[in-house]
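J.: Below: sequence and its predicted model.
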Amino acid sequence: MRNMPISVSEMRRGLLKLEAVEEEGRRHTKYTVFINDRVVACTALSRSYRELSDDMVNAIARQIYIRSRDLKKIVDCTWGYDEYVELYEQSLPRQH
Amino acid sequence: MSTTTSPLVEKVIVELRDLPDERIAEVLDFVGYLKAKQQREGQEGQTMPPAFRDLVTMLPETSYQLRKPIPVAVRQEKEHYLVTDDAFLRYGIGSSIAEAKEDYACALLDYFDSLSQYEDQLAPRLAQDLARLREFIDIKG
């Protein structure tokens, strides 16, 4: 597992591995994640900062409904879109 | 003055001697990370206040109006403030609390715009977010 802080450009590459659509927002760059043509998550990266603190990584992970340690695996290239889809489905409230 | 080296440190030194340069560089990087972490934790323990609750009461654009304040948590990090909420999971960053709250409000409006743009394709959780955001945000004109 990585020990160094995650940079914004590393996180961007990770989000693009999720086939997220990238668009410029007001101050942040927005990433919209799709599964089967449905929008399942929206996240954003600040354009003002180069490095992400642990709390920022946690915030981004929450926005895409996964744990931050799983997001780090995506950023570190171990995991990709297919793994994300599984994690996303696990995050859904169970139907009774 | 005599110095003593612990058996563990001696063992590490012996191990390091046999490593190629790039592996030594990795070890040194890791040691640097540990030192920074230790220093950060020491500083946090002494001076970093816990997160406190606050309200975002304004939006940065006149074409949008906030109907009611949004509760947020403000946390001071090493060089900036981080504002987050539990309702919409957005965050903002800034060198002051006011700047971080404004950044948060921009992120919230970006989220509102994205959800509105993809309204017909939203997963249930996001459709709920859009409905709740419309209770907070009014578009003028």
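T.: Arrived safely.
J.: how far does stretch A:6-26 stretch from start to finish?
T.: 23 Å (C-alpha to C-alpha, to the nearest Å).
J.: Near residue 75, how many other residues are there?
T.: Went with chain A since none was named. 22 (other C-beta atoms under 10 Å in any protein chain shown). Placement of C-beta: from N, CA and C, glycine included.
J.: my question was about chain B
T.: Neighbour number of residue B:75 under other C-beta under 10 Å is 18.
J.: That one - that's part of a helix, no?
T.: No - secondary structure of residue B:75 (DSSP: H, G, I helix; E, B strand; the rest coil): strand, not part of a helix.
J.: Need the per-residue pLDDT for it.
T.: For residue B:75, the model assigns a pLDDT of 93.
J.: didn't residue B:136 look like it was pressed against residue B:67?
T.: Yes - using C-beta atoms under 8 Å as the test, residue B:136 is close enough to residue B:67 to be in contact (5.7 Å).
J.: who in chain B is up against chain A?
T.: Counting by C-beta under 8 Å from any C-beta of the partner chain, chain B comes close to chain A at B:29-30, B:33-34, B:60, B:75, B:77-78, B:80, B:82, B:84, B:89-91, B:93, B:103, B:106-107, B:109-111, B:113-115, B:118, B:121-123, B:125-126.
J.: With adjacent residues omitted, what lies nearest to the residue of chain A found nearest chain B?
T.: Among the residues of chain A, residue A:25 lies closest to chain B, at 3.6 Å counting by C-beta to the nearest C-beta. Using C-beta to C-beta, 6 or more residues apart in numbering or on different chains and skipping residues adjacent in sequence, the residue nearest residue A:25 is residue B:110, 3.6 Å away.
J.: residues touching the residue nearest the centre of chain A, list them.
T.: Nearest residue to the geometric centre of chain A (C-alpha atoms, centre = their mean): residue A:15, 5.0 Å. Going by C-beta atoms under 8 Å, 6 or more residues apart in numbering or on different chains, residue A:15 touches A:22, A:31, A:33, A:43, A:45.
J.: Filter the residues of chain B next to chain A down to the buried ones.
T.: B:75, B:77, B:80, B:82, B:84, B:89-91, B:93, B:103, B:106-107, B:109-111, B:113-115, B:118, B:122-123, B:126 (16 or more other C-beta atoms under 10 Å in any protein chain shown).
J.: Out of those residues, name the ones that lie in strands.
T.: Mapping those onto strands (DSSP state E) picks out B:75, B:82, B:84, B:91, B:93.
J.: distance of the residue of chain A closest to chain B from residue A:82?
T.: 28 Å (C-beta to C-beta, to the nearest Å).
J.: neighbour-wise, which of the two wins?
T.: Using other C-beta under 10 Å, the more surrounded residue of residue A:25 and residue A:82 is residue A:25, with 20 against 8.
J.: Which one's more surrounded, residue B:136 and residue B:67?
T.: It is residue B:136, of residue B:136 and residue B:67, that has more neighbours when counted by other C-beta under 10 Å, with 19 against 9.
J.: By mean pLDDT, point me to the weakest helix or strand of chain A.
T.: strand A:51-52 (a mean of 91; mean pLDDT, DSSP states H and E).
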